[in-house]
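In: What shape does this take:
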Amino acid sequence: MRLPVLALLLSTIPLACPAERIDVHPGPEALTRAISNARPGDVLALSEGRYAGPVTIDTPVTLTGLLARIEGPGEGSVVTVTAPDVTISGLTITGAGAKLSDLDSGIRLLKGADRAMIEDVSLEGNLIGIDVHGAKGVTIRGNRIDGRNDLRVAERGPGIYVWNAPGLTVEDNVISKGRDGVFITTSNEAVYRRNRFSELRFAFHSMYANRIEVTDNISRGNDMGFAFMYSTRLTVERNLSEGDANHGFFMNFANKADLRHNEVRDGGEKCLFIYNSNHNLFEANRFEGCGIGVHFTAGSQGNVLTRNAFVGSRTQVKYVGTRWLEWSDGARGNYWSDHVAFDVNGDGLADSPYRPNDSIDRLVWSQPAAKLLMGAPAMQLIRWSQSRFPGLLPGGVIDSHPLVSPVGAGVPAQEARP
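Out: Okay, the predicted model is just below:
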């Protein structure tokens, strides 16, 4: 008697339905119905064609389809995710609105969309490509994001917008057009690596972002390469800024950062700008071909510059303070392409210190009209005297252990990418 009773009891317990692959075909509200009917873990495979947005994914599912295209109506966001463990891959998503105040995006990952995976997606012509807004542990990998340059710069959105998204990984994406490639505001503990940026205002822009890693990224032909503002404990390594118009690397209230083996090539106005940024390490970077190699200002303290190469900039250093700043780690300084010196003992260090600026430089920077007097004999006499008797200088940058070779500075050759 016990066996029949047990069988009856088991038959009344609902069995969990296994996740399954569901093929979805284009049609009116086809995608909306498929999402609403999906169970956790289902794979919604979209066949070739167009699907109408906007849609909201509130169940942990996978949305995929190599030839499928989700098109929004030109208002709001196209795909909004509120459930955890959602994967979106292989799709093309377009048709977001143009309200920056509403963060209109191709994909929005809201609070609760933890561990989302956005992979191999093409986002075309959206105001913001992907907005990570409160979701944790998200991965954004291998996507192509083409924004909008038909708007005024102030009206454009970033390729990836990040707010309060700890544990974020952004890697191997190609981002072009729009305002910033990646814009971070108030979000910590993330990794940004191997991304490529072009046709942007800033390639990478952090605001109030702490304990982040920015490695192996490439910025080409943007207004500015890598901007770090109000951020601390940064790891910035092997990034390339090539042909960026204004600044290669911009440090504004950025503290306790390590910048190693980064490189600026064919730079514009400034290779490196350090503004009120303290206790940073600049090691083995290469800054080449800018109007100013490094502009150092606003009372920055405790910074160490060692083994860097400053090559071929019209002005290697711009510093208007009166304090003496030692730019070496006490043993090895930096390479300066305009420093003419000998290395008699062959230890790789120049036998005379490097002082890039004199009082005439400071006068011209503070009073640009003084350039008219640069050819005057009195000005040349002052400059010559200070070069022969450094004690006449009122302070400035000094590298007591300059290098005679730039070898080892910049992005390692085996890691440089075309």
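
In: And for residue 300, the neighbour number?
Out: 21 (other C-beta atoms under 10 Å). Every C-beta, even on glycine, is put in place using the N, C-alpha and C of the backbone.

In: show me what contacts it?
Out: 274, 275, 276, 277, 278 (C-beta atoms under 8 Å, 6 or more residues apart in numbering).

In: Looking at the residues you listed, state which has the most neighbours.
Out: residue 277 (26 neighbours).

In: quick revisit: the contacts of residue 300: which two are farthest apart?
Out: 275 and 278 (10.8 Å; C-beta to C-beta).

In: Using PDB, write down the CA coordinates of stretch 255-262.
Out: Listed next in PDB are the C-alpha coordinates belonging to stretch 255-262 (Å, rounded to 0.1, in the frame of the first residue of the first chain):
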ATOM      1  CA  ASN A 255      46.400  60.200  -7.100                       C
ATOM      2  CA  LYS A 256      48.300  57.100  -6.300                       C
ATOM      3  CA  ALA A 257      48.300  55.800  -9.900                       C
ATOM      4  CA  ASP A 258      50.900  53.700 -11.600                       C
ATOM      5  CA  LEU A 259      51.500  54.500 -15.300                       C
ATOM      6  CA  ARG A 260      54.000  52.100 -16.900                       C
ATOM      7  CA  HIS A 261      54.900  51.400 -20.500                       C
ATOM      8  CA  ASN A 262      52.300  53.700 -22.000                       C
END
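
In: which residues touch that stretch?
Out: 226, 228, 231-241, 249, 251, 277-286, 409-412.

In: per-residue confidence at residue 113?
Out: Per-residue pLDDT puts residue 113 at 98.

In: should've said residue 343
Out: Residue 343 is given a pLDDT of 80.

In: Repeat that for the one 4 residues further on.
Out: The predicted local distance difference test score for residue 347 is 87.

In: With adjacent residues omitted, what lies nearest to residue 47?
Out: Nearest residue to residue 47, sequence neighbours excluded (C-beta to C-beta, 6 or more residues apart in numbering): residue 25, at 5.2 Å.

In: separation between that neighbour and residue 319?
Out: 66 Å (C-beta to C-beta, to the nearest Å).

In: next one: residue 166
Out: Distance from residue 166 to residue 319, by C-beta to C-beta: 37 Å.

In: Please say which of those two ends up with more neighbours.
Out: Looking at residue 166 and residue 319 with other C-beta under 10 Å, you find the greater number of neighbours at residue 319, namely 22 against 13.

In: Could you pull up the contacting residues of the more buried one?
Out: 295, 296, 297, 325, 356, 357, 396, 397.

In: which non-adjacent residue is nearest it?
Out: Nearest to residue 319 is residue 296, by C-beta to C-beta, 6+ apart, at 4.7 Å.

In: Skip the chain neighbours and tell me the closest residue to the residue positioned nearest the centre of the chain.
Out: In the chain, the residue lying closest to the centroid (C-alpha atoms, centre = their mean) is residue 204, at 2.7 Å. Spatial nearest neighbour of residue 204, chain neighbours left out: residue 226 (4.7 Å); criterion: C-beta to C-beta, 6+ apart.

In: Look up which residues are beta-bridged to that neighbour.
Out: residue 204, residue 249 (DSSP bridges).

In: Adjust the sequence numbering to begin at 28 for everything that follows.
Out: All set: I'll call the first residue 28, so the last point we hit is now residue 253.

In: before we move on, back to that, write the ChimeraX selection for whichever of the contacts of residue 346 are buried.
Out: Under the burial definition 16 or more other C-beta atoms under 10 Å, those of the contacts of residue 346 that qualify are selected in ChimeraX by:
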select :322,323,352,383,384,423,424
